[in-house]
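using only what follows, build the 3D model:
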Amino acid sequence: MEQQLGRPEVLQRKILEFEKNLERVMINLRDYAKEHEYQILVLLLRKGYAFVNHEEIYKRLKEYGLKICSDDEFKNEIRIKVKTDKTKPELKDWRIILFDDAIDDGENIVKLLEDVSNIISKDFVKDSIKRGNIKIGAYVINESNIEERKKIEEEWGKGIICNEIIGYEKPKKEFLEEVLNIMDYLAHIGEIIDPDHLIITGDLKDPLSYETIREALEDICNRIPGSEVYEADIRYYHPSRKKMGIYGLPCQEWIGEDAEKIGVDKSIFQCKIRFIFFLNEDATTEKFQIIPIVNPKIVEGTIGDCNHAGLGIRFCEICRKNIKNNNVNIEDIYANICLDCVLSEVTIRILSKFIDEYFSEVFKSELMKLNYSWKYLEKKYKRTDIPQLVKERLSILCSVRTNV
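Predicted structure coming up:
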């Protein structure tokens, strides 16, 4: 097992070279922000966020005092500022860097600019760009897309794409190779989960071998007809973490017969349970993460009207109680609030069924404790009682059939 989980020397050299290049780009970004007094670094969710949110990189950027946030967190902060003070004096002084790991045609960055324009106004955003208060940077961009870059500058203003905070400009083929290098590196550092997912962390009483873990997951699948174990082959990139999962779960059945009452279509949707096991040097593990990957189809009409009787927590009602100004449209402050509400209900129901009836049952003699973290909800709704109410539901879930 140890031999399987070792890294070839050539790959180790590749990783070290990438880390040196990445460090150079991040130091340059930090120094540029400091020299030109930029205060906020906005990272695009998924790959861009994970790319910079790695602990060592994050420390480099925080050395200057940059406020680092995801694009969703940034948009939510602007919504709140706009609703509490329509003159927006503070926003006019914000100096912002928008950063992604890789920019091809700039579609994701442009989408972010459009979203911010919809919250404030396009004139406000373009004026900020004109005054140099908004800049775009990236680790690598596709230098072959000259026309796409021209379109961005024609639409939003010259100078928005800042060459000083772009690590590398490469032609199409080399650009795509560099994107693959980024993905390989993210696997290597273990950033293989999405930052908006619920994460259940667990401990086992004693270290279990990889073979024992594999057999246990297969035992769970034997109890759930149609489900299977899958493994991500990243063992060479990250010898101390192993990504596995179970798919083919009967999630529609687990949600319950009242699915439509909580706003979920009964059609088949992506639903799986991802595991990350933290391996010791001998390939045993006593620490793990459980991450539900749940993407149901939300019934048309759910967003905005909150007319579903089966919801355990109604996010919109709670937000209205927490926001003093009754004239404020809650959806303007918290985008996709009903979507978050339905997804949290579905996720908790599915995870509760899985942990209570299958995971805890198979691991009952080894399982010590379970904890949870749902940072996406905690950050987005930190001004409301939602995080506490979700915590109470998850605390009950995490106390199910453990030996604590």
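
least trustworthy helix or strand in the chain by mean pLDDT?
helix 2-5 (a mean of 41; mean pLDDT, DSSP states H and E).

secondary structure element for Ile348, which one?
Assigned by DSSP states H and E, Ile348 falls within helix 337-354.

ok, now Thr201?
strand 199-209.

so what strands line up beside that strand?
Using DSSP bridges, the strands paired with strand 199-209 are strand 284-295 (antiparallel), strand 367-373 (antiparallel).

which one of those lies nearest to Lys92?
Set against Lys92 and scored by Cβ to Cβ, the strands paired with strand 199-209 come closest in strand 367-373, at 35.5 Å. Yep, even glycine has a C-beta here, placed from its N, CA and C like the rest.

rewinding a little: deepest of the strands paired with strand 199-209, which one?
strand 284-295 (a mean of 19; mean count of other Cβ atoms under 10 Å).

quick one: it to helix 337-354, angle?
Per axes from the mean of the first three to the mean of the last three Cα atoms, to 10 degrees, the angle that strand 284-295 makes with helix 337-354 is 140 degrees.

give me the contacts around strand 284-295.
Contact with strand 284-295 is made by 193, 197-210, 213, 242, 245, 251, 269-280, 343, 346-347, 350-351, 354-355, 359, 370, as judged by Cβ atoms under 8 Å, 6 or more residues apart in numbering.

if we use 7 Å, what do you get?
193, 197-204, 206-209, 213, 251, 269-279, 343, 346-347, 350-351 (Cβ atoms under 7 Å, 6 or more residues apart in numbering).

same question for stretch 149-162.
By Cβ under 7 Å, 6+ apart, stretch 149-162 touches Gly106, Val110, Leu113, Lys126, Ile129, Lys130, Ile134, Lys135, Ile136, Gly137.

which of those residues fall in strands?
Ile134, Lys135, Ile136, Gly137 (DSSP state E).

just list whatever residues bridge to the last one.
Listed beta-bridge partners, Gly137: Phe99 (assigned using DSSP bridges).

pLDDT wise, what is it at?
With respect to pLDDT, Gly137 scores 92.

you'd agree it is up against Leu29?
Yes. Here Gly137 reaches Leu29: they are 6.3 Å apart, a contact under Cβ atoms under 7 Å.

so for these two, which sits in the more crowded spot?
Leu29 (28 against 25; other Cβ atoms under 10 Å).

surely that one meets Ile165?
Yes. At 5.2 Å, Leu29 counts as touching Ile165 under the criterion of Cβ under 7 Å.

what touches both of those two?
Contact criterion Cβ under 7 Å, 6+ apart; residues shared by Leu29 and Ile165: Gly137.

show me where the stretch 151-300 of the chain dips below the pLDDT cut-off.
Scanning the stretch 151-300 of the chain for pLDDT under 70 picks out 187-195, 232-239, 300.

change it to 80
Applying pLDDT under 80 to the stretch 151-300 of the chain flags residues 180, 183-196, 231-241, 243, 260, 266-270, 283, 299-300.

picking that back up, buried sites along the strand holding Thr201?
Ile199, Ile200, Thr201, Gly202, Leu204, Leu208 (16 or more other Cβ atoms under 10 Å).

quick one: strands adjacent to the helix or strand that contains Ile166?
If you go by DSSP H and E, Ile166 is part of strand 161-170. Sheet pairing of strand 161-170 (DSSP bridges) gives strand 134-142 (parallel).

just the CA atoms of the strand it pairs with, as PDB, please.
Taking C-alpha atoms only, strand 134-142 is exported to PDB below (Å, rounded to 0.1, in the frame of the first residue of the first chain):
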ATOM      1  CA  ILE A 134     -11.000  47.500 -10.000                       C
ATOM      2  CA  LYS A 135      -8.400  45.300 -11.700                       C
ATOM      3  CA  ILE A 136      -8.400  41.800 -13.100                       C
ATOM      4  CA  GLY A 137      -5.500  39.300 -12.500                       C
ATOM      5  CA  ALA A 138      -4.800  35.600 -12.900                       C
ATOM      6  CA  TYR A 139      -2.200  33.000 -12.500                       C
ATOM      7  CA  VAL A 140      -2.300  32.300 -16.300                       C
ATOM      8  CA  ILE A 141      -4.300  33.600 -19.200                       C
ATOM      9  CA  ASN A 142      -4.700  32.500 -22.800                       C
END
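
which residues does it contact?
25, 29, 51, 96-104, 109, 128, 160-162, 165-170, 172, 175, 178, 182.

as CSV, the strands paired with strand 199-209 with distance to Lys122 would be great.
As requested, the strands paired with strand 199-209 are exported to CSV (distance: least, Cβ to Cβ, whole Å):
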stretch, distance to Lys122
strand 284-295, 31
strand 367-373, 37
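
out of the ones you listed, which comes closest to Ile80?
Closest among these, once you apply Cβ to Cβ, is strand 367-373, at 23.3 Å.

ok, then the element right after that closest one?
Downstream of strand 367-373 (by DSSP H and E), the next one is helix 375-380.
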